[in-house]
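Novice: Quick check, what structure comes out for this input:
(one chain, ligands or ions: 1)
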Amino acid sequence: MLLVTKVSKRYATSSAALFSGITLKVAAGESLAIMGASGCGKSTLLNIIAGLVTSDSGSVVIDGQETSGLAESLRDAFRAAHIGMVFQQFNLIDCLSVVDNITLPARYLKRPYQQRLALLLQSMGLEHKQNSAIGDLSGGEQQRVAIARALIHSPKLILADEPTGNLDEATSDTVADCLFSLAKSHGAALVVVTHAKEIAARADRAVVIKHGQLEPLTNL
Ligand SMILES: Nc1ncnc2c1ncn2[C@@H]1O[C@H](COP(=O)(O)OP(=O)(O)OP(=O)(O)O)[C@@H](O)[C@H]1O
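Specialist: From the prediction side, this is the model:
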């Protein structure tokens, strides 16, 4: 589903490469956690996969489509159609209700969503909050809305950057349950950047960025 081959990145403001020659593979329905010290390049790698940051070399192939060589507008369209993204800061639209936030990607793509919406509201435990304003929700509820929004258009790939970074331990557990179980049951590949070992331990595999290279993590 996702194949990253020999990707390298150095920001113009830095003398050294952030990472070089990174290769990874994630199958449909599989989850991968990316860990590493602050500043090692986890978010940058995730954003390269998402097509939000350009790599210096290497390739990213998602569901058979090489995305690294696409023009920006095509990359944006590909991301909207095939990738679901979850961020630490939730990135919800405050003036829209829960349902309107969740259905936004599907409405933008003009795809039917009613059946999937009902399923997601139920599995996220959000049925009773569907008409609420975002500001009236707890942090955990807001992140569950963000996860439902990431899944509404049946993406093949879900990218999550510190999805529980803003939540307490108990809430973090519930949100992680939702994210990992839904990605698996929907057959989506999931890549999660996290500092939390408990989150990484839920993934099928975990890797760490160390000295600009990717290493497997086995002692979680
Ligand atoms: N647009 C940019 N221009 C220049 N440098 C950048 C840019 N974005 C990130 N960096 C630098 O690249 C390095 C890696 O950043 P990145 O956010 O990918 O790390 P991270 O591992 O996700 O960190 P954290 O765990 O603290 O979120 C940092 O030193 C950061 O300052």
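
Novice: by contact count, what packs against the longest helix along the chain?
Specialist: In the chain, assigned by DSSP state H, the helix with the most residues is helix 169-185. For helix 169-185, the packing partners by 3 or more CB pairs under 8 Å, 6 or more residues apart in numbering; DSSP states H and E come out as strand 31-35, helix 114-123, helix 139-151, strand 157-161, strand 189-193, helix 197-200. All C-beta atoms are positioned from the backbone trio N, CA, C, and that covers glycine.

Novice: Who are the contact partners of Leu159?
Specialist: Residues near Leu159 by CB atoms under 8 Å, 6 or more residues apart in numbering: Leu46, Ile49, Ala50, Ile83, Gly84, Met85, Val86, Val191.

Novice: Give the bridge partners for it, please.
Specialist: Partner residues in beta bridges with Leu159, using DSSP bridges, are Met85, Val191.

Novice: Distance check, it against Leu167.
Specialist: 18 Å (CB to CB, to the nearest Å).

Novice: and what of Gln65?
Specialist: Relative to Leu167, Gln65 is positioned 33 Å away (CB to CB).

Novice: Of the two, give the one with the bigger neighbour count.
Specialist: Leu167 (21 against 12; other CB atoms under 10 Å).

Novice: Quick check: that one touching Gly139?
Specialist: Yes. With contact defined as CB atoms under 8 Å, Leu167 counts as touching Gly139 (5.4 Å).

Novice: For this protein, list the residues in contact with the ligand, please.
Specialist: Tyr11, Thr13, Leu18, Gly36, Ser38, Gly39, Cys40, Gly41, Lys42, Ser43, Thr44 (CB under 6 Å from any ligand atom).

Novice: Name the surrounding residues that touch the helix or strand of the chain with the lowest mean pLDDT.
Specialist: In the chain, no helix or strand scores lower on mean pLDDT, DSSP states H and E than helix 169-185, which sits at a mean of 91. Residues outside helix 169-185 that contact it (CB under 8 Å, 6+ apart) are 29, 31, 86, 120, 123-124, 138-140, 143-144, 147, 151, 158, 160, 163-164, 167, 189-190, 192, 196, 198-199, 202-203.

Novice: Same check on stretch 68-88?
Specialist: Residues outside stretch 68-88 that contact it (CB under 8 Å, 6+ apart): 48, 50-52, 54-55, 58-60, 62-63, 65, 67, 105, 108-109, 143, 146-147, 149-153, 155-163, 165-166, 179, 188.

Novice: tell me the contacts of Leu104?
Specialist: Ile93, Leu96, Arg149, Ile152.

Novice: Assign it to helix, strand or coil.
Specialist: helix (DSSP: H, G, I helix; E, B strand; the rest coil).
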